[in-house]
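Visitor: Using only what follows, build the 3D model:
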Amino acid sequence: MSKKYIYLLICLTTSNSLLAQNFELNPFIDLDRSICKEPDKHLTLQSSGFFEYIGAGEAKVFECGKSAEKGNEPCDKEPELICRSQHSKQIILRGQAILETANEYVNNNPKLKNKRKFDNAIKSITENINSWTSAKTTTDYIPSLERETIFLSSLLPKEIYQTINSNLKEQHESKRAKLLAEKKRKEEEAKQKAAQLAAKQAAEKKAQQDKLAAEQAFQDKILTYYFVGMLLLIFVLSLMSYLGSRKNSTT
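Guide: Numbering: from 1, shown residues only. Take a look at the predicted model:
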């Protein structure tokens, strides 16, 4: 395994970890809403076929997947698929929660009028969860698990949906509160360390300045003594010269 590949893997892992943490720091998104912007998109020409792709409408198809020659390859950089890939863990967990709730509801109500609709929705979301769980590339997220989660949520009675949604929200907000508290603690700790470092650097700078000032004062003092000494020497020599000339003149 090359160093370049290892570095890329570390960057991707770190990026996904940060994105997951950012999601957990944000308010809870209800199960009848999506994390990514375009949950209805779930078709490419390769995944669906020509007639289904053309007839599905703009809201459901990925424009990047319209080429029969290139297939799904151009969709590697599709923002919606990148979002799904980056938040796949959270989206899968939300889908599993709705799936478990729906299965329990259907099992407890065998004479449902819309049981076939439930069965089809449960089958579809199960396939999507399995597909996403084994996904290895960005294009593996073309099937929209969020679309299936939102649809299955809409089939559940309001009170049952609200119960599972409230439970997940409570779990999310509890974890979010702890993360925010920890984030605040780390920020305060970082501020304190920064303040301590700044104070230490200021003290070191002042000590250095005081040292330089003392050295300069000492040098100035030495120079002053030197100049005074020179002046005294010149005065003494001048005086001796003057006295000598006076003595010679009197003799």
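Visitor: quick one: low-confidence parts of the protein?
Guide: 1-21, 51, 250-251 (pLDDT under 70).
Visitor: Do you have the strands of it handy? List them.
Guide: Using DSSP state E, no strands are found in the chain.
Visitor: end to end, how far does stretch 151-163 reach?
Guide: 17 Å (C-alpha to C-alpha, to the nearest Å).
Visitor: Likewise for stretch 127-141?
Guide: First-to-last residue span, stretch 127-141, C-alpha to C-alpha: 12 Å.
Visitor: in it, what counts as buried?
Guide: For stretch 127-141, the neighbour count (16 or more other C-beta atoms under 10 Å) marks 128-129, 132, 135, 138-141 as buried. Just so you know, the C-beta spots here come from the backbone N, C-alpha and C atoms, and that holds for glycine as well.
Visitor: With stretch 101-111 instead?
Guide: Going by neighbour count (16+ other C-beta under 10 Å), the buried part of stretch 101-111 is 101-102, 105-106.
Visitor: swap in stretch 202-220?
Guide: Buried residues in stretch 202-220 (16+ other C-beta under 10 Å): none.
Visitor: Show the end-to-end separation of stretch 127-143, please.
Guide: 9 Å.
Visitor: And that stretch, how far out from the chain middle?
Guide: 23 Å (C-alpha atoms, centre = their mean, to the nearest Å).
Visitor: same thing with stretch 210-220?
Guide: Taking the mean of its C-alpha atoms, stretch 210-220 sits 51 Å from the chain's own mean (C-alpha atoms, centre = their mean).
Visitor: returning to that earlier point: among the buried residues of stretch 127-141, which lie within helices?
Guide: 128-129, 132 (DSSP state H).
Visitor: Return the closest of those with respect to N167.
Guide: Lowest distance from N167 to those (C-beta to C-beta) belongs to I129, with 18.9 Å.
Visitor: roughly how far apart are the nearest residue to the closest one once chain neighbours are set aside and H42?
Guide: In space, and not counting its chain neighbours, I129 is closest to G95: 5.3 Å by C-beta to C-beta, 6 or more residues apart in numbering. Counting by C-beta to C-beta, to the nearest Å, the gap from G95 to H42 is 14 Å.
Visitor: cool, and S34?
Guide: 12 Å.
Visitor: which residues are in contact with both of the two?
Guide: Listed contacts common to S34 and H42 are R147; contacts here mean C-beta atoms under 8 Å, 6 or more residues apart in numbering.
Visitor: about what we covered before: mind putting the ones in helices among the buried residues of stretch 127-141 in JSON lines, distance to Q219 included?
Guide: Formatted as JSON lines, these follow (distance: C-beta to C-beta, whole Å):
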{"residue": "N128", "distance to Q219": "81"}
{"residue": "I129", "distance to Q219": "80"}
{"residue": "W132", "distance to Q219": "76"}
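Visitor: which of the residues you listed lies closest to A214?
Guide: W132 (70.6 Å).
Visitor: thinking the closest one is in contact with L145, fair?
Guide: Yes - judged on C-beta atoms under 8 Å, W132 makes contact with L145 at a distance of 5.3 Å.
Visitor: where do the contact lists of those two overlap?
Guide: Residues within reach of W132 and of L145 at once, by C-beta under 8 Å, 6+ apart, are 91-92, 95.
Visitor: Out of those residues, list just those in helices.
Guide: 91-92, 95.
Visitor: So which of the residues you listed is surrounded by the most neighbours?
Guide: Highest neighbour count within those, by other C-beta atoms under 10 Å: I91, with 26 neighbours.
Visitor: residues in contact with stretch 22-38?
Guide: Contacts for stretch 22-38 (C-beta under 8 Å, 6+ apart): 59, 79-80, 83-84, 87, 90-91, 94, 97-98, 146-147, 149-150, 153-154, 161, 164-165, 168-169, 172-173, 175-176, 179-180, 183.
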